[in-house]
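Trainee: return atomic coordinates for the entry below.
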Amino acid sequence: MTVVRSTLSEEALGVTGTALQETLVDLLGLSLVGKQAHWNIVGPRFRSIHLQLDEVVETARAHSDTVAERAAALGVPPDGRPETVAATFALPGAKSGWLRDTEVVELTVAALGAAIGRLRERIKATEQADPVTQDLLISITADLEKQRWMFEAENRAGDAG
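Mentor: Predicted coordinates:
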């Protein structure tokens with residue numbers, strides 16, 4: 001069933017739809033990783049990292065909605081079902097149980113870094129296929145890079161002295 005007819009060619013729609021779906025899964029998974037760490041962090045930097053994780057989650061959730069709506073606008077049904085996310089999520093995830101604050105920072109830097117790397121691949125892939133989606137992916141990348149920078153700075157706090 002086609003509800004919305006895309007303005008893109010079939011080939012461009014295939015590339016763009018894949019990029020958007022993979023990004024949706026990454027963002028939904030990233031928000032879950034952030035919340036898991038948020039709930040289980042312990043250590044002397046608990047409060048600041050606990051609150052900073054909420055910023056990552058909020059960023060990921062807001063962008064996931066925008067990505068899903070972009071897919072729908074192009075006639076590609078977004079799939080954010082838990083089973084889809086569980087089956088296709090490829091970023092680093094949190095272990096079960098309590099997480100030291102240092103582990104959380106390392107995990108968050110790694111997960112954001114992996115998401116950024118995957119986004120950069122999709123930016124290249126959508127350059128010709130759909131510059132509008134490419135622009136969206138560039139914006140998401142900038143926001144995730146800002147979050148990664150903040151956690152990386154937290155990770156390097158002891159190196160400055």
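Trainee: and the host helix or strand of Thr23, how far out from the chain's middle?
Mentor: Following DSSP states H and E, one finds Thr23 within helix 10-40. Relative to its parent chain, helix 10-40 has a centroid offset of 5 Å by C-alpha atoms, centre = their mean, to the nearest Å.
Trainee: for it, give the mean pLDDT please.
Mentor: Helix 10-40 shows a mean pLDDT of 97.
Trainee: show me which positions of it end up buried.
Mentor: Residues 12-13, 15-17, 19-38, 40 are the ones in helix 10-40 that count as buried (16 or more other C-beta atoms under 10 Å). For glycine as for every other residue, the C-beta is placed from the backbone atoms N, C-alpha and C.
Trainee: same for that helix, what does it pack against?
Mentor: helix 46-73, helix 82-88, helix 101-129, helix 131-155 (3 or more C-beta pairs under 8 Å, 6 or more residues apart in numbering; DSSP states H and E).
Trainee: ok, and the closest non-adjacent residue to the residue nearest the centre of the chain?
Mentor: Nearest to the mean C-alpha position of the chain, counting by C-alpha atoms, centre = their mean, stands Leu27 at 3.1 Å. Residue nearest to Leu27 in three dimensions, not counting chain neighbours: Ser64, with 3.9 Å by C-beta to C-beta, 6 or more residues apart in numbering.
Trainee: now the element after the helix holding Thr23, going C-ward?
Mentor: strand 41-42.
Trainee: contacting residues around that following strand?
Mentor: Outside strand 41-42, the residues within contact range by C-beta atoms under 8 Å, 6 or more residues apart in numbering are 49-50, 53, 98-101, 104.
Trainee: partners of that strand, with directions?
Mentor: Paired with strand 41-42 in the same sheet, following DSSP bridges, are strand 99-100 (parallel).
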